[in-house]
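Visitor: Pasting the sequence and the predicted coordinates here, then a few questions.
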Amino acid sequence: MSLFDKVGAVYQECRGVLGRSMRQRRGRLFLYTGTMSASPVDADAVVAATRRWVERAVIGLNLCPFAKAVQVKQQIRYVVSAATATDALLDDLCAELQHLAEVDPQQTDTTLLIHPGVLHDFLEFNDFLGIAEVALQQLGLEGVLQIADFHPQYRFADSGPDDVENCTNRSPYPTLHLLRESSIDRAVEAFPEAEAIYEANMRTLRRLGHEGWVRLMSQPD
């Protein structure tokens, strides 16, 4: 049975899983709280690297003009999945989608689900995005939430593997970004020319160049 065929079955599992507390699921899903017990995933290090990328690249280079506000308000939820297989990641994704749909937006506006143990290959990661969209539909959250994607090997369809423009979507680890449609709508209203952001980002990365990107991400804290 393909993973696409499993989505319906996993959805049924998710409905049961979502009724459990996050504490019961800590064997596979790690919510960053500042201190972590020993685990197969060094969640502290993963979150630290992701925060650094958000602060230096996403906000520092203004790749996403909407990101600074939620970062300042501490409304970004960083979650590290310890999944090492796609079905386990799908389970974690279902849980986080439902959590974001139910939690107060003032507490959590957006979620970064970081999964360092699975989907290292970008093409496989890209294939999984279709499954993620099916899960969003199965949970009845289409039109409520969106899933964006970042990956260390990210490559736009019309770019070469070494084009610096790809860095706009290159994160330290494979990451699924869960967003509220309502927040996107407000952001678009605040930035009427939001469609120009992509081109602005391309120009920013071209000016920075590969060496500049490496320096930016390797600077000590």
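Guide: Cool, got the structure.

Visitor: how far is stretch 198-212 from where the chain is centred?
Guide: Distance of stretch 198-212 from the chain centroid (Cα atoms, centre = their mean, to the nearest Å) equals 21 Å.

Visitor: Kindly format the C-alpha coordinates of that stretch as CSV.
Guide: Output in CSV follows, covering the C-alpha atoms of stretch 198-212 (Å, rounded to 0.1, in the frame of the first residue of the first chain):
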residue,chain,number,x,y,z
TYR,A,198,9.6,37.0,-4.6
GLU,A,199,11.4,39.2,-7.1
ALA,A,200,12.8,41.3,-4.3
ASN,A,201,14.2,38.2,-2.6
MET,A,202,15.8,37.1,-5.8
ARG,A,203,17.6,40.4,-6.1
THR,A,204,18.7,40.3,-2.4
LEU,A,205,20.2,36.8,-2.8
ARG,A,206,22.0,37.7,-6.1
ARG,A,207,23.6,40.7,-4.4
LEU,A,208,24.6,38.6,-1.4
GLY,A,209,26.0,35.7,-3.4
HIS,A,210,27.0,32.3,-2.1
GLU,A,211,30.0,33.5,-0.1
GLY,A,212,27.8,36.1,1.6
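
Visitor: And the helices in the protein, which stretches?
Guide: Applying DSSP state H to the chain gives helices spanning 3-17, 43-53, 67-72, 86-102, 122-138, 181-190, 197-218.

Visitor: Return the member of the ones you listed having the minimum mean pLDDT.
Guide: Of all the helices of the chain, the minimum mean pLDDT falls on helix 3-17 (a mean of 42).

Visitor: Count the residues that sit near Arg215.
Guide: By other Cβ atoms under 10 Å, 11 other residues sit near Arg215. Heads up, the C-betas are built off the backbone N, CA and C, glycines and all.

Visitor: roughly how far apart are it and Leu100?
Guide: Noted for Arg215: a distance of 34 Å to Leu100, by Cβ to Cβ, to the nearest Å.

Visitor: Check Leu119 too.
Guide: From Leu119 to Leu100 the distance is 20 Å (Cβ to Cβ).

Visitor: How about Arg155?
Guide: Distance, Arg155 to Leu100, using Cβ to Cβ: 27 Å.

Visitor: For those two, work out which one has more neighbours and name it.
Guide: The residue with more neighbours, out of Arg155 and Leu100, is Leu100; 21 against 18, by other Cβ under 10 Å.

Visitor: Spit out the contact partners of the more buried one.
Guide: 77, 108, 110-111, 145, 178, 180 (Cβ atoms under 8 Å, 6 or more residues apart in numbering).

Visitor: ditto for Arg52
Guide: Per Cβ under 8 Å, 6+ apart, neighbours of Arg52: 172, 217, 221.

Visitor: how many other residues sit next to the second one?
Guide: Spelled out, it's Met217. Neighbours of Met217 (other Cβ under 10 Å): 15.

Visitor: Ok, Ser159 next?
Guide: Ser159: 13 surrounding residues under other Cβ under 10 Å.
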